[in-house]
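Visitor: Below are the sequence and a predicted model for it; my questions follow.
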Amino acid sequence: MSYKNSLTYYVTLLTLFIIPLFYFKTYIGPLPLSAEIILIPLLVLAFLWDWRKGSIEFNDISIKWFVIAFSAFILISLLSFAKAVFFVPAVMETGRYISYVVLFLIILKVKFTKEQYLNFAKVFGAAAIFIGLFGALQYVFNFSLNKAGLYALQEAKGRIDSTLVNPNYYSSFLNFIIPTLVLLAVVYFKDKKTQLLFFAIYGIYIVNLILTYTRAAWVTMVCAFLMTIVIMPKRFLKGIFKPHILIAFLILGVFVYFMPDVQSRTNSAVYAIEKLVFKDQAREHVAGPDDEGQDTEEVEEEPSVEDETTNKAVVSRITLWKTGWVMFKDNPILGVGMGNYYDRYKEFTIKYPELDIGHDTYSVHNSYIKVAAETGTLGILAYLLVYVIYFVNIAILYFKQPNTLGKVLAAGLFVGSTTYMVQNMSNNLMFIPQLNIIFWLVGGLVLTFLHRNYKQFQ
């Protein structure tokens, strides 16, 4: 039976290309219309058609635990409707989540050929390269730059977001794919020209990530690089100490160091981390040899303007997290209702005036707190279970891979997905349709490829 030219395959290709590149959202009357609202139902219809016609086959990858975890969270989300004051956002949020689940499960179960996986990689790679080049040109020619969050920047013209609408979203997309790129360049490819080509693409993405000026993303990128080395230490270190790779890293490092506001923004990121982690500890003055005979009382330095603005940002972010936490504490079982955080924000800032930062509505800037606030203890536990199962599957498949390509893709997906989880601690990225479709679609395709790669060599 041939499933080479199934409609499911073509719609998957289309989704891989369109979703990263073209974001649009409009309304037909009260009904929203966007790329995902068209493409996901189209994929479902293609899948049902191919299934009925017998033009697709299914692989034997187990989806039982995914189905259990997804179903548990959807059920709890529906139960939380009993606490919802606003039903339209509750229905829309639940509907979006179900669409991601259906997309992911279809991709997990449909059996694709090696050639089809290669075409998936080419199409997504082409889209990703275009996004990176577009982002660089956006900064060079100063068009459509995002001006939000420039309070601590002295030299930057603005923040790039390329085709991902928001610099924070774009930085998450970049961190999701960068680990795989660096592993392909350093570990997988052996030809010097191919290595340098992939390193050049990696370099473009690093520059793009810097130009988003998202401090959390910078810190996450560095941690992801270290995590990549830890996962594949021998192969990575063996590859990185080749002269042409070392020179490439050196050139990239020097270039990044002298980019606008990199040094000051890095200091700001370190200061923000200190304020978050050591917020209750004062910096102590330690007496040294040159302090003999001097007053050893702590001398308070005047904070710089940048430190002051960073401190304000940290305080605001913590206050937003506290608001979500208070919602959760007041509604610990089922939350305030799926999708209701935003609309009920003002209610809680009135009830708890210390949480008011001067806005009638505001995002919580933390996906996990948002889920807990909206669906309670049961909801957040079921929600996190999905990701636990996801990472366990990647880890299991990593150790089963019979070749370098499989291990590189598994390690890249694991680290890239980890960056996504980490950045959701400071943003609501799990509730951005464009990012979520990329995450579940690419994640599903890589998981099924890893399963096929393992089975092929049994």
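Guide: Good, I have the coordinates.

Visitor: alpha carbons only for contacts and neighbour counts from here, please
Guide: OK.

Visitor: and Leu355, what is it in contact with?
Guide: Thr319, Leu320, Lys322, Thr323, Phe348, Thr349 (CA atoms under 8 Å, 6 or more residues apart in numbering).

Visitor: farthest pair in those residues?
Guide: Thr319 and Phe348 (12.0 Å; CA to CA).

Visitor: what stretches of the protein score poorly on pLDDT?
Guide: Across the chain, the ranges flagged by pLDDT under 70 are 1-4, 149-153, 264-265, 267-315, 458.

Visitor: Give me the neighbour count for Ile74.
Guide: If you count neighbours by other CA atoms under 10 Å, Ile74 ends up with 20.

Visitor: Contacts only, for it.
Guide: Thr94, Ile98.

Visitor: Go ahead and list the helix or strand containing it.
Guide: In this structure, Ile74 sits in helix 64-79 according to DSSP states H and E.

Visitor: mind listing what's buried in that helix?
Guide: Phe66, Ala69, Phe70, Ser71, Ala72, Phe73, Ile74, Ile76, Ser77, Leu78, Leu79 (16 or more other CA atoms under 10 Å).

Visitor: Tell me the gap between it and the middle of its chain.
Guide: 22 Å (CA atoms, centre = their mean, to the nearest Å).

Visitor: go on, stretch 407-415?
Guide: 15 Å.

Visitor: closest to Val91 among the contacts of Leu355?
Guide: For those, the nearest to Val91 is Phe348 (22.0 Å; CA to CA).

Visitor: check contacts around the closest one.
Guide: Thr323, Met327, Leu355.

Visitor: Next, give phi and psi for Met232.
Guide: Met232 has phi and psi values of phi -130, psi 60 when expressed as degrees, to the nearest 10.

Visitor: One more: Asp60?
Guide: The phi/psi pair for Asp60 (degrees, to the nearest 10) is phi -100, psi 20.

Visitor: Val110 too?
Guide: Phi and psi for Val110, reported as degrees, to the nearest 10, are phi -80, psi 130.

Visitor: I figured it hits Ile56, correct?
Guide: Yes: shown here, Val110 and Ile56 form a contact pair, counting by CA atoms under 8 Å, at 6.9 Å.

Visitor: In a strand, Ser55, correct?
Guide: No: applying DSSP: H, G, I helix; E, B strand; the rest coil, one finds Ser55 to be coil, outside a strand.

Visitor: wait, doesn't it sit right on Ser6?
Guide: Yes: contact status for Ser55 versus Ser6: in contact at 6.1 Å, counting by CA under 8 Å.

Visitor: among the contacts of Leu355, who's most crowded?
Guide: Thr323 (26 neighbours).

Visitor: how near is that residue to Phe87?
Guide: Going from Thr323 to Phe87 by CA to CA, to the nearest Å gives 21 Å.

Visitor: Mind exporting the C-alpha coordinates of the helix holding Ile74 to PDB?
Guide: Extracted C-alpha coordinates of helix 64-79, given in PDB (Å, rounded to 0.1, in the frame of the first residue of the first chain):
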ATOM      1  CA  LYS A  64      -1.600   5.600  25.600                       C
ATOM      2  CA  TRP A  65       0.000   7.800  28.300                       C
ATOM      3  CA  PHE A  66      -0.300  10.900  26.200                       C
ATOM      4  CA  VAL A  67      -4.000  10.200  25.700                       C
ATOM      5  CA  ILE A  68      -4.500   9.700  29.400                       C
ATOM      6  CA  ALA A  69      -2.700  12.900  30.400                       C
ATOM      7  CA  PHE A  70      -4.300  15.000  27.700                       C
ATOM      8  CA  SER A  71      -7.800  13.700  28.500                       C
ATOM      9  CA  ALA A  72      -7.300  14.400  32.200                       C
ATOM     10  CA  PHE A  73      -6.400  18.000  31.600                       C
ATOM     11  CA  ILE A  74      -9.200  18.500  29.100                       C
ATOM     12  CA  LEU A  75     -11.700  17.000  31.600                       C
ATOM     13  CA  ILE A  76     -10.400  19.200  34.400                       C
ATOM     14  CA  SER A  77     -10.600  22.300  32.100                       C
ATOM     15  CA  LEU A  78     -14.200  21.500  31.300                       C
ATOM     16  CA  LEU A  79     -15.000  21.000  35.000                       C
END
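
Visitor: what sits against Leu211?
Guide: Taking CA under 8 Å, 6+ apart as the test, what Leu211 contacts is Tyr139, Arg159, Ile160.

Visitor: Which ones among those residues map onto helices?
Guide: Using DSSP state H, the subset of those located in helices is Tyr139.

Visitor: is it possible to export the contacts of Leu211 to a markdown table including distance to Asn119?
Guide: Output for these, formatted as a markdown table (distance: CA to CA, whole Å):
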| residue | distance to Asn119 |
| --- | --- |
| Tyr139 | 31 |
| Arg159 | 32 |
| Ile160 | 29 |
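
Visitor: From the contacts of Leu211, list the buried ones, please.
Guide: Using 16+ other CA under 10 Å as the burial test, the contacts of Leu211 include Tyr139, Arg159, Ile160 as buried.
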